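Asker: Quick one: sequence plus predicted model below, questions after.
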Amino acid sequence: MTPTTETEFETFLNTEERPSLDTVLSTKLTVCTDGKARKQFIEDLTGLEKEAEREGMGPDDRLRIGAGWWVLGDTDRALEIMGRTLSTPVALYITGRAFLESREYDEAIDRFEKALSKEPDTFVFQIALVEAHRKAGAIDTAGQMLETLRKKHDKEPALHYELGMLQELEGLHDGAFDEYERALALDENHGKSLFRLACNYDLLGEDELALEYYERARGLQPTYVNALINLGVLYDDMGKYGKASDCFREVLNVCPSHPRARMYLKDAKAAQNKYYDEDQLRDHDRQEQIMRTPVTDFELSVRSRNCLEKMNIRTLGDLVSKDEAELLAYKNFGETSLVEIKELLTARGLKLGQGKSDENGDSARRLGNLLRDMSDQLLEEPIAKLGLSLRCERAMESLEIRTIGELVSKTEAELMTVKNFGQTSLDEIREALAQRGLTVKSI
């Protein structure tokens, strides 16, 4: 079958030729970066598969169609079609990658070893086998292989990335950083190295450096989903909800059903839409300060001053709580004094009687409602906002505590029942909550 449009993956779907590994990988890049091409590729691949099933699917058809589903990210379908019998180096490599992505490491190792038995000097097969051994936990084996590969392939970014990953697993973080930087010196767009540097700086609390490397990874094609997710979470933690939302939308553009991206986007949008009326609070504080100003601070006539003192009016707040009738009802307080007082208040944007609502508690009620809303929003925030250590985070997971509100509803005794949660962890929780004016129950 011939594709319906002339695209970069024509060769891939051409039934006259067996697709090469370069063709498969370049096609994967195309369909992961171009939504229109991806849609067309799915249509063409599906048509090719139906035609092959009608006519009888041969080995080359299985390779092409199975590789096509791997390109699209459907590893189960790829393995189902390609099966375990295809033995060309390309087929072995692709099934090995599919098993690796499915975390079936022994199967992946088997496929990569068989591919190498046919093409012993192919670096992409060699480094894939290293990765499979590393992920299977065979650190020594992976390390020995890398030392051998280093003699011929020291200029390969992927080699230095794998060396960095081994250093990380052994807790040698400085060495890991050096290897990732070497990989980037060889290829400034080496996505895996950018991602690992970003993750490590993120864990160290070096937000600016983490942002720099995440943003560099963000610009790569195909879309580096994990980098975008982490970048979005970091922006969210920094209160930059708009930027966080942009990251999660980018993920959903290429992976529309990505569960974490959908959940995080919803949370970021909710946080962005929450309105903490800080201006109102500042205005209220400013007004309260004005209202506490003593009337003796103003230039008033002796008669007006004496009248206000005898009426026990000490501040501007006391004054605006009275209306004209109340002032005029007082002995010796006449129209002249009233005019003087009104001019004094008008110059400050105030007027007699405006404070009566405060006496009824309206202003205090409005402020109280605002503060309660802010408190509710704080309690609804995810526990991740506290920036707790990994040990504390695991303790929260074991207690199924997902929000700050759920945490403050627990007692110290309940927290201390969790395995490996000791006084140090409790002190960490106390300090994190104290910064937000909160605490866990002591009993």
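Answerer: Looks like it arrived, so ask away.

Asker: Which of the three states applies to Q167?
Answerer: With DSSP: H, G, I helix; E, B strand; the rest coil as the basis, Q167 sits in helix.

Asker: My guess is it contacts G175. True?
Answerer: Yes: the pair Q167 / G175 is scored as a contact, 4.0 Å apart, by Cβ atoms under 8 Å. Where C-beta positions appear, they are placed from N, C-alpha and C, glycine not excepted.

Asker: Of those two, give the one with the bigger neighbour count.
Answerer: In terms of neighbours (other Cβ atoms under 10 Å), Q167 is the more surrounded of Q167 and G175; the figures are 19 against 15.

Asker: measure that one to A217 for me?
Answerer: The spacing between Q167 and A217, counted by Cβ to Cβ, to the nearest Å, is 20 Å.

Asker: Relative to D267, how far out is T403?
Answerer: Going from T403 to D267 by Cβ to Cβ gives 11 Å.

Asker: Overlap of the contact sets of these two?
Answerer: Residues touching both T403 and D267 by Cβ atoms under 8 Å, 6 or more residues apart in numbering: P382.

Asker: And the two? Which one has more around it.
Answerer: A count of neighbours by other Cβ under 10 Å puts D267 above the other of T403 and D267, at 20 against 17.

Asker: Which other helices and strands does the helix or strand hosting the more buried one contact?
Answerer: Applying DSSP states H and E as the criterion places D267 in helix 259-273. Applying 3 or more Cβ pairs under 8 Å, 6 or more residues apart in numbering; DSSP states H and E, one finds that helix 259-273 contacts helix 225-237, helix 241-254.

Asker: Could I get the contacting residues of Y180?
Answerer: So Y180 contacts H160, Y161, G164, S193, R196, L197 (Cβ under 8 Å, 6+ apart).

Asker: Dump the C-alpha coordinates for the helix or strand hosting D427 into CSV.
Answerer: Per DSSP H and E, D427 falls inside helix 423-434. Below are the C-alpha coordinates for helix 423-434, written out as CSV (Å, rounded to 0.1, in the frame of the first residue of the first chain):
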residue,chain,number,x,y,z
GLN,A,423,10.7,13.2,66.1
THR,A,424,12.8,14.7,63.2
SER,A,425,10.0,14.1,60.8
LEU,A,426,7.5,15.5,63.2
ASP,A,427,9.6,18.6,63.7
GLU,A,428,9.8,19.1,59.9
ILE,A,429,6.0,18.9,59.7
ARG,A,430,5.6,21.4,62.5
GLU,A,431,8.0,23.9,60.9
ALA,A,432,6.4,23.6,57.5
LEU,A,433,2.9,24.2,58.9
ALA,A,434,4.0,27.0,61.2
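
Asker: So which bits of that helix are buried?
Answerer: For helix 423-434, the neighbour count (16 or more other Cβ atoms under 10 Å) marks S425, L426, E428, I429, A432, L433 as buried.

Asker: Then stretch 105-122?
Answerer: For stretch 105-122, by 16+ other Cβ under 10 Å, it's Y105, E107, A108, I109, D110, R111, F112, K114, A115, L116.

Asker: average pLDDT across that stretch?
Answerer: Averaging pLDDT along stretch 105-122 gives 94.

Asker: what does that stretch rub up against?
Answerer: Contacts of stretch 105-122 (Cβ under 8 Å, 6+ apart): 87-89, 92-93, 95-97, 99-100, 125-126, 128-129, 132-133, 135-136.

Asker: Spell out which residues sit in contact with T75, please.
Answerer: W69, A98, F99, E101, S102.

Asker: mind listing which of those residues are in helices?
Answerer: Using DSSP state H, the members of the contacts of T75 that fall in helices are W69, A98, F99, E101.

Asker: Run a quick neighbour tally on the third one.
Answerer: When you say that, I think you mean F99. 22.

Asker: With A244 instead?
Answerer: Neighbour number of A244 under other Cβ under 10 Å is 25.

Asker: again with H160
Answerer: H160 has 26 neighbours, counted by other Cβ under 10 Å.
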